[in-house]
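[1] Provided below are the primary sequence and the corresponding predicted coordinates.
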Amino acid sequence: MLCFQEHHLNSQRIASNRNLLRGNWIYEWVPAFGPSGTQGGLCIALKMQWQSNVQAKGVLFGGRVQYMLILISGKLIGFLNVYAPNSVTGRIRLWNKLLQDLPVAQHWCMCGDWNMIESPSDRLGGSSTTISGLELREWEKLIFKYEVTDLWHIPTFSRMPDSLLYSRSNRRSVALNLSRIDRFYADSFFGIVEDMWVLYQALRSQIMPRLCSNSV
């Protein structure tokens, strides 16, 4: 499975670029939104052999969230693909939506562009402000409810040798700001089935053509 955020493709461009990975994949596209139809956009790509295991799928929060429930080893596993708003108010609303409206699953893996950092170590340069106040409280409710953890901070989690320390760069004036706003959260199930799952930061330039954007 691959999860993409911010592909910036509207429905017409999706129709002409469906088989991006050139293989036995199925795609669940969420078109870009906004007045010009070029903001955001999500996609879950799943290997064809898992298609019959998909039990449910859907889109929430105006196209900023998509989920897929897959039956694996007799357990219903939920996968969440997120492109969070830039504003604190928007993210608080999103955390509340996820608390209330996600379908029931036995385990969850949540990935995406969260547009915030939890720890100062997730940013180099620029402001090291982390979530706080009401947003932090609502975020912690979400994390505790689904019992998920940021996999990056688990020492026993296997990382690719060339994993990037940061997932986003932004040059302001002469300074380069780096941040890790793209993250995976999962519960203990994903440590048990380590032979089955490999989560990694893909080399975007080798997977997606230039017509797409920057988050995998």
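    Noted; the coordinates are in hand. Residues are numbered from 1 along each chain as shown.
[2] and residue 44, bridged to which residues?
    Beta-bridge partners of residue 44, counted by DSSP bridges, are residue 3, residue 28.
[3] pLDDT at it, what is it?
    Residue 44 carries a pLDDT value of 93.
[4] mind listing what it touches?
    1, 2, 3, 4, 27, 28, 57, 66, 68, 79, 81 (C-beta atoms under 8 Å, 6 or more residues apart in numbering). All C-beta atoms are positioned from the backbone trio N, CA, C, and that covers glycine.
[5] Let me know how buried the residue nearest to residue 80 when sequence neighbours are not counted is, in neighbour terms.
    What sits nearest to residue 80 in space, not counting adjacent residues and going by C-beta to C-beta, 6 or more residues apart in numbering, is residue 110, at 4.2 Å. The tally of other residues near residue 110 (other C-beta atoms under 10 Å) stands at 25.
[6] i'd like the first residue to be 40 from this point on
    Sure, I'll start numbering at 40, so the last one becomes residue 149.
[7] Okay, and residue 149 sits in which element?
    strand 146-152 (DSSP states H and E).
[8] Which strands or helices does that strand pack on?
    strand 41-44, strand 114-122, strand 221-225, helix 228-231 (3 or more C-beta pairs under 8 Å, 6 or more residues apart in numbering; DSSP states H and E).
[9] nearest to residue 88, of the ones you listed?
    In terms of C-beta to C-beta, the element of these nearest to residue 88 is strand 41-44, at 14.7 Å.
[10] can you pull the buried residues of that closest one?
    Using 16 or more other C-beta atoms under 10 Å as the test for burial, strand 41-44 gives 41, 42, 43, 44.
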